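J.: what shape does this take:
(one chain, ligands or ions: 2)
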Amino acid sequence: MISIDKVGMNYQLDGEQVKVLSDLSLTIEQGESLAIVGPSGSGKTTLLLLLAALESPSVGSIAIKGQDLSALSQDQLADLRRDNMGIIFQSFHLIPSLDALSNVALPMEIAGRNNARSIATAMIKSVGLEHRMKHYPLQLSGGEQQRVAIARALAHSPSLLLADEPTGNLDASTGSRISDLLFDLHREMNTTLVLVTHDEQLAQRCQRVVRMDGGRLVEEHAHHGE
Ligand code: ADP
Ligand code: MG
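T.: Numbering: from 1, shown residues only. Ligands and ions are numbered 1, 2, ... in the order given. Model (predicted):
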């Protein structure tokens with residue numbers, strides 16, 4: 001499904017190179033659940049951005065479903081994301097001028113799904129926000145915005161779900177409800193889950209946990225997971 005081969009990532013900042021990832025190799029199978037853990041600044045978000053093809057590596061290569069991302073045009077990458085990926089960012093990237101329901105429905109409407117709004121309504125309910133459908137992002141709490149972003153990412157049943165701290169803004173009981181949703185999707189649709197998390201319980205539900213430190217993978221554990 002995903003093969004990351006000797007990837008390095010540097011950002012240019014004020015003419016200096018900031019080394020963020022080094023010599024990182026990892027293979028993720030279709031249908032696998034993987035947690036990425038590690039201290040703040042260790043490169044976890046950068047790795048997810050590379051997997052989402054929103055950044056490209058400075059060295060090394062990433063292939064998804066056998067396709068080398070560097071060989072794809074921006075349009076092809078956008079199609080790959082739209083058709084295969086659900087992405088949950090730390091900053092939720094909701095559209096401020098659309099209410100919660102429309103934020104969830106929009107990507108499906110763009111993709112030409114004619115039942116977009118009814119699927120969106122069902123997803124909003126499954127994240128427990130049926131009483132917030134008509135609210136705009138600024139009228140929602142951080143945790144509610146996070147749940148809208150999660151509903152949007154899950155609505156089209158992606159084959160790859162990339163999530164950056166998906167329970168980071170949620171209380172324990174909402175967090176476990178949202179985790180259940182992620183793992184339901186994983187089980188029912190054979191979705192590949194790649195989660196960045198500080199939540200030890202969430203990490204333990206994954207079949208594999210990898211730890212990053214200083215831009216490198218330093219440790220790996222297999223679990224029974226879900
Ligand atoms: P994590 O998600 O593990 O906290 P990040 O991937 O966000 O870590 O960041 C890793 C390191 O890369 C940090 O030290 C951060 O300051 C740096 N970094 C991230 N994005 C940029 C950028 N666009 N330009 C320069 N440095 C960056
Ligand atoms: Mg991060």
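J.: give me the most central residue, the chain.
T.: Geometric centre of the chain, nearest residue: L162, 2.0 Å, by CA atoms, centre = their mean.
J.: strands of this protein, residue ranges please.
T.: 2-13, 16-28, 33-37, 59-64, 67-68, 85-88, 160-164, 192-196, 208-213, 216-222 (DSSP state E).
J.: now these in CSV, with mean pLDDT and distance to ligand 1?
T.: Yep, even glycine has a C-beta here, placed from its N, CA and C like the rest. Putting the strands of the chain into CSV (pLDDT from 0 to 100; distance: least, CB to the nearest ligand atom, whole Å) gives the following:
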stretch, mean pLDDT, distance to ligand 1
strand 2-13, 95, 3
strand 16-28, 95, 4
strand 33-37, 97, 8
strand 59-64, 97, 15
strand 67-68, 94, 22
strand 85-88, 94, 14
strand 160-164, 96, 7
strand 192-196, 96, 7
strand 208-213, 96, 7
strand 216-222, 89, 12
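J.: now render these as JSON lines, adding distance to S176.
T.: As requested, the strands of the chain are arranged in JSON lines below (distance: least, CB to CB, whole Å):
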{"stretch": "strand 2-13", "distance to S176": "27"}
{"stretch": "strand 16-28", "distance to S176": "24"}
{"stretch": "strand 33-37", "distance to S176": "15"}
{"stretch": "strand 59-64", "distance to S176": "30"}
{"stretch": "strand 67-68", "distance to S176": "35"}
{"stretch": "strand 85-88", "distance to S176": "16"}
{"stretch": "strand 160-164", "distance to S176": "15"}
{"stretch": "strand 192-196", "distance to S176": "14"}
{"stretch": "strand 208-213", "distance to S176": "18"}
{"stretch": "strand 216-222", "distance to S176": "21"}
